[in-house]
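>>> Take this sequence and fold it.
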Amino acid sequence: MTGQHPIHINSRIRENAQSLASALEQHMLKSFAPDARKELRLYSAGEAADLLGISTSFLRKLHFDGRIGDVHATAGGRRYYSVADLNAIRATLEANAKTPGTYLKGRRAGDKVQVLSFLNFKGGSGKTTSAIHAAQRFALKGYRVLAVDIDPQASLTTLFGYQPEVDFLHSGSIYDAIRYENPVPFSSIVQKTFFTGLDLAPGGLILQEFEHETPTALRQNLQPAFFARMAAALQEVEADYDVIIFDCPPQLGYLTMSALCASTGVLITVVPNMLDVASMSQFLQMSADLLDVVSNAGARMDFDFLRFLINRYEPSDGPQQQVVAFLRQLFDKEVMVSPMLKSTAISDAGLTQQTIYEVERSAFHRSTYDRAVESLNAVNDEIEFLVQQAWGRD
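Take a look at the predicted model:
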C-alpha cells in the first residue's frame, strides 16, 4: 500500500493564500467597476430631513422659498440629496439660526478633537461594524470625520473599497506615519473617500511591523515612545477634524495601546454571552495592568468617557437578556442604553462590502432594513450625545 505524500504546509498555505486573493479580487470586480471606487447613494427627502433635524414639510418650504439650491429630482418630482447637499443646507440654516451650533454641531473654538477607540480583546465582537457605522453617521450629520484603521487585517479599509493587500501592502498605511525610522507626515497617508466628510487613514498587514519593532525601540529608548507616537502623529491633522475614530485590532498590543493613549473616549464592544463576557473580564484586567505601566511612563490616561456597547443583541433571546441585565447591574451607566441589534440586513450588506447607511432600502425587506437603521441610529446618536457632552454641550 502506497503511503500518502506528506503535505508541505508552507507551500499549501501559500497556494491557499493565492487562491483566496484571486477569488476576493473576482468578487470585487463583480461588486465594483474595475477602475472605479465606491460611490455613495443619494438620500430621500425623509432621510435628509431626519439627518438635518427638521421636518420634511420645512425642507419642502426651504425649496419653495428659494432658500436652498436645486438637488437631484426624479421625473415624478421626488428630490434626492447628496451629503454635499445636506452640508450646504446645514450652512444655510446655521446662518439664520438664533442659537449657534443648532445645525452645525462640530467643534467650536476651544473644543478638543474627540478621538474614539472601538476595541475588544476578542474577534467577532463587531468592532469594525460599530466603528464604520459610527464614522458614517457622524459624517452624515455634518461632522468632519477621520477613520483610522490600525488593525493589520484592515477590514475597515476594505469597506471603503480598497484592497489592502494590494493598495497598501508596502506603503501608504498608518504604519508609515508612526514607524520608528523616517516616519512620513500623517497628512500624506490620509485618503479622501467616497463618503463626503469622511477621510481614511488606511490599515494593512505591514502594521504588524510596528508590533515587531517596538521591543527593539524600547531597548534603544527611541522617542516618542510607542504609546505617544499615535497622538504625536495625529497632532498634524487634528485641526481638520471634529471626530477621529480608531478601529483597533482584536488584541492588546502596542498598536491598541498607542490608540488608547491618543483617545478621549473608549467604546468596548461586547456580545452578550458568558464566553464573551469572560473574555472581556480578562481583557479589562490586562488593560488595567498595561495602562498602569504606560501611565507611570508618562502616558496621558484621561478619558472623557468609557462605555460598553452591547453588540449583536437579540431581544427575544432569554440568556442574552440575562447577560445584559447582569452587565447593567455591574457597570450601571457605563453600559450604553441602546444596544446594536443583530440584523440580517447588516450582514447581507457586508456581502457586497457595504454598510446599512450605503445600501438602498429597496434592496431589503422594509421592516428588516428599518429595524437595523433604527438600532444603528440609536447607538450612534447616543455616542454623538457623549461627544457633545464632552464639549460641554447637552
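
>>> moving C-terminal of the helix or strand containing A325, what's the next helix or strand?
Take DSSP states H and E as the rule and A325 turns out to sit in helix 318-331. Later in the chain than helix 318-331, the nearest helix or strand by DSSP H and E is helix 344-350.

>>> Show me what that next one is packed up against.
The helices and strands touching helix 344-350, judged by 3 or more C-beta pairs under 8 Å, 6 or more residues apart in numbering; DSSP states H and E, are helix 366-390. C-betas here are computed from N, CA, C, even on glycine.

>>> So which bits of the helix it packs on are buried?
Of all the residues in helix 366-390, those buried under the rule 16 or more other C-beta atoms under 10 Å are 369, 371-373, 375-377, 379-380, 383-384, 386-387, 390.

>>> can you give me the helices in the stretch 51-200 of the chain?
Listed in chain order, the helices of the stretch 51-200 of the chain (DSSP state H, counting those that start in this stretch) span residues 56-64, 83-95, 127-140, 155-159, 164-167, 175-178.

>>> Worst mean pLDDT among the ones you listed?
Of all these, the segment with the smallest mean pLDDT is helix 164-167, scoring a mean of 86.

>>> that older thread, just tell me which of the helices of the stretch 51-200 of the chain ends up closest to S281.
With distances scored as C-beta to C-beta, the stretch of the helices of the stretch 51-200 of the chain nearest to S281 is helix 127-140 (17.6 Å).

>>> quick check: angle from that closest one to helix 366-390?
Angle, helix 127-140 to helix 366-390, by axes from the mean of the first three to the mean of the last three C-alpha atoms, to 10 degrees: 70 degrees.

>>> chain center to helix 127-140: distance?
What separates the centre of helix 127-140 from the centre of its chain is 4 Å, taken as C-alpha atoms, centre = their mean, to the nearest Å.

>>> list the helices and strands that helix packs on?
helix 83-95, strand 114-119, strand 145-149, helix 155-159, strand 198-201, strand 243-247, strand 265-270, helix 366-390.

>>> and those as JSON lines, adding distance to Q320?
JSON lines is the format used below for those (distance: least, C-beta to C-beta, whole Å):
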{"stretch": "helix 83-95", "distance to Q320": "35"}
{"stretch": "strand 114-119", "distance to Q320": "21"}
{"stretch": "strand 145-149", "distance to Q320": "29"}
{"stretch": "helix 155-159", "distance to Q320": "24"}
{"stretch": "strand 198-201", "distance to Q320": "32"}
{"stretch": "strand 243-247", "distance to Q320": "24"}
{"stretch": "strand 265-270", "distance to Q320": "11"}
{"stretch": "helix 366-390", "distance to Q320": "14"}
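
>>> right, and these - which one's nearest Q322?
When those are compared by C-beta to C-beta, strand 265-270 sits nearest Q322, at 14.1 Å.

>>> what's next to the closest one, contact-wise?
With C-beta atoms under 8 Å, 6 or more residues apart in numbering as the contact definition, strand 265-270 has outside contacts at 114-120, 125-127, 130, 260, 276-277, 280, 283-284, 303-311, 327, 383, 386-387, 390.

>>> redo that, cut-off 7 Å
The contact list for strand 265-270 (C-beta atoms under 7 Å, 6 or more residues apart in numbering) reads 114, 116-120, 125-127, 130, 260, 276-277, 280, 303-311, 386, 390.

>>> Which among the helices of the stretch 51-200 of the chain is found nearest to P249?
Nearest to P249 among the helices of the stretch 51-200 of the chain is helix 127-140 (8.8 Å), distances taken as C-beta to C-beta.

>>> what angle do that closest one and strand 114-119 make?
Relative orientation of helix 127-140 versus strand 114-119 (the same axes, to 10 degrees): 160 degrees.

>>> residues contacting the closest residue to K127 other than its chain neighbours?
Of all residues beyond its chain neighbours, the one nearest K127 is F118 (4.7 Å), with distances taken as C-beta to C-beta, 6 or more residues apart in numbering. By C-beta under 7 Å, 6+ apart, the contact set of F118 is 127, 130-131, 246-248, 267, 269.

>>> before we move on, back to that, out of the helices and strands packed on helix 127-140, flag the one nearest P319.
When these are ranked by distance to P319, counting by C-beta to C-beta, first place goes to strand 265-270 at 14.3 Å.

>>> I'd like to know which elements the helix or strand following that closest one is packed against.
Downstream of strand 265-270, the next assigned helix or strand under DSSP H and E is helix 274-296. The contact analysis (3 or more C-beta pairs under 7 Å, 6 or more residues apart in numbering; DSSP states H and E) places helix 274-296 against strand 265-270.

>>> follow-up on the earlier one: could you measure from the residue nearest to K127 over to R60?
To R60, F118 is 38 Å away according to C-beta to C-beta, to the nearest Å.

>>> Under the pLDDT cut-off, which ranges of the stretch 1-150 of the chain? List them.
Screening the stretch 1-150 of the chain residue by residue with the criterion pLDDT under 70, one finds the ranges 1-37.
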